[in-house]
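Asker: Need a 3D model of the following:
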Amino acid sequence: MTGPFSPRIRALASISPFTGPETLERQHGRAFQARLGANESVFGPSPKAIDAMARAAETSWMYGDPEQFALREALASKLGISRDCVVCGVGIDGLLRDLVAAACDPGSTVLASLGAYPTFGYFAVAAGAAVETVPYTPDYRQDLPALAARANELGPRILYLTNPDNPTGSWASADEVEALVLKVPENTLIVLDEAYCEFAPARATLPAHYLRPNFVRLRTFSKAYGMAGVRVGYAFGDPNAIAQIHKVRDHFSLSRIAQAGALAALSDADHLAFTIDAVEKGRSLLGKVAERFGFRALPSATNFVAMDLGRGEEHCRALAEDIAKQGVFVRRPGAPFLNRTLRVSVGTPQDVECFEAALSKAVEAIDG
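Answerer: Next up, the predicted model:
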């Protein structure tokens, strides 16, 4: 007896892509002193966004605008494209689920880098798609030429890539990304996750008006805008591609509070600039911590720093577990090769001090 659920779904492991910090806190029996594992912005949302969300709470007895009209209009204006080229969703995670639903059938194939943001693969497997991967280069970069070549061999429904990259923090130039786009088969949807683009050099980002029928870009209010808990992301691209996402999305997923907060955040350029500056300073502090312990801080264009500990998976796992027991939340990627690194989100100077103290004790305990 299989029951009322799909055999494909019943066969999946009962897990999510990540173990959340709250779960770890319950396991350890105490709260984390520093929360540096989810790339949230400890610098918080714009005061304008906080005020707008507070005011919108009074009207939350109503559904949010299912067309997301004002927010899409503001995003389109900021990007210099038509409103028909933009759709919003419940963070990039929600948009990835919509894209997989729109593009994939059971038995289809998708392609990504081995160790890239795992939520994409999580949704693809749930949809019955096979996930093919290409390893990172030895210098911790996504191998764009290899991804393009593999896409031509497989003809996948979706090619997923990130720029800047999570979990390494590396970035590719706009010219490198365009070269990949032009080499990939027209029947493959290229999904470019730009969650960290606000922290990246300008030369890493293609113009927003660079539109192609098989190219969709994803951005979020979770990182530079400091609104991870509000859950607002957006996709933009060719109007026909965006129209397919509209067909499968949850039209009432974005509350009035979320839409009001995101709209206000867009208007506060000063707070965005403050956050970007604070993150740049925080990356420098984390880099110095890595250097003091003889670790290699990988170059980062994000709000985190990946540290190559240089001694393999088990050593990195032991250090990460010891750091967590001391009350500091960091991440260790699970994929081969990447699993020798710690990924540490940028926090306040006090957060960095807390991390350094925990790391020092962990090194002493593990390495003597």
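
Asker: contacts and neighbour counts: CA atoms only from here.
Answerer: Noted.

Asker: can you give me the strands in this protein?
Answerer: Using DSSP state E, the strands of the chain run over residues 34-35, 86-89, 109-113, 130-134, 158-162, 189-193, 215-220, 233-237, 296-297, 304-308, 328-329, 341-345.

Asker: and the first one, which strands flank it?
Answerer: Yep, that's strand 34-35 we're talking about. Pairing partners of strand 34-35, with direction, according to DSSP bridges: strand 328-329 (parallel).

Asker: count of neighbours near A335?
Answerer: Look at A335: counted by other C-alpha atoms under 10 Å, it has 14 neighbours.

Asker: What distance do you get for it to A148?
Answerer: 21 Å (C-alpha to C-alpha, to the nearest Å).

Asker: just D193 next, same as before
Answerer: Going from D193 to A148 by C-alpha to C-alpha gives 16 Å.

Asker: give me every residue that touches V110.
Answerer: A124, A129, A130, V131, E132, P156, R157, I158, L159, Y160 (C-alpha atoms under 8 Å, 6 or more residues apart in numbering).

Asker: again, 7 Å this time
Answerer: By C-alpha atoms under 7 Å, 6 or more residues apart in numbering, V110 lies in contact with A129, A130, V131, E132, P156, R157, I158, L159.

Asker: cool, L254 as well?
Answerer: G64, G89, V90.

Asker: again, only using 8 Å
Answerer: Applying C-alpha under 8 Å, 6+ apart to L254 gives the contacts G64, D65, P66, Q68, G89, V90, R231, V232.

Asker: R311 too?
Answerer: By C-alpha under 8 Å, 6+ apart, R311 lies in contact with R340.

Asker: Just the pLDDT at it, thanks.
Answerer: R311 is assigned a predicted lDDT (pLDDT) of 90.

Asker: Any figure for the gap between it and G334?
Answerer: Distance from R311 to G334, by C-alpha to C-alpha: 15 Å.

Asker: residues contacting the residue nearest to G334 when sequence neighbours are not counted?
Answerer: Nearest residue to G334, sequence neighbours excluded (C-alpha to C-alpha, 6 or more residues apart in numbering): G115, at 7.1 Å. Contact analysis of G115 by C-alpha under 8 Å, 6+ apart lists P135, P167, P333, G334, A335, P336, L338.

Asker: what's the nearest residue to the fifth one if we skip its chain neighbours?
Answerer: Counting by C-alpha to C-alpha, 6+ apart, G115 is the residue found nearest to A335 once chain neighbours are left out, at 4.9 Å.

Asker: Likewise for P21?
Answerer: Using C-alpha to C-alpha, 6+ apart and skipping residues adjacent in sequence, the residue nearest P21 is F329, 6.9 Å away.

Asker: okay but A102 is in contact with V248, surely?
Answerer: Yes - using C-alpha atoms under 8 Å, A102 is in contact with V248, at 6.6 Å.

Asker: so what sits against both of the two?
Answerer: Contact criterion C-alpha under 8 Å, 6+ apart; residues shared by A102 and V248: none found.

Asker: what about V181, neighbour count?
Answerer: V181 has 21 nearby residues by other C-alpha under 10 Å.

Asker: A126 versus that one, what's the distance?
Answerer: 26 Å.

Asker: OK, contacts around the closest residue to V330 other than its chain neighbours?
Answerer: Sequence neighbours aside, G37 is the residue nearest to V330 in space, at 3.8 Å (criterion: C-alpha to C-alpha, 6+ apart). Contacts for G37 (C-alpha under 8 Å, 6+ apart) come out as P21, F329, V330, R331, R343, V344, S345.

Asker: Tell me the pLDDT of G37.
Answerer: 96.

Asker: what's the answer for the one 10 residues further on, then?
Answerer: At P47 the predicted local confidence, pLDDT, stands at 98.
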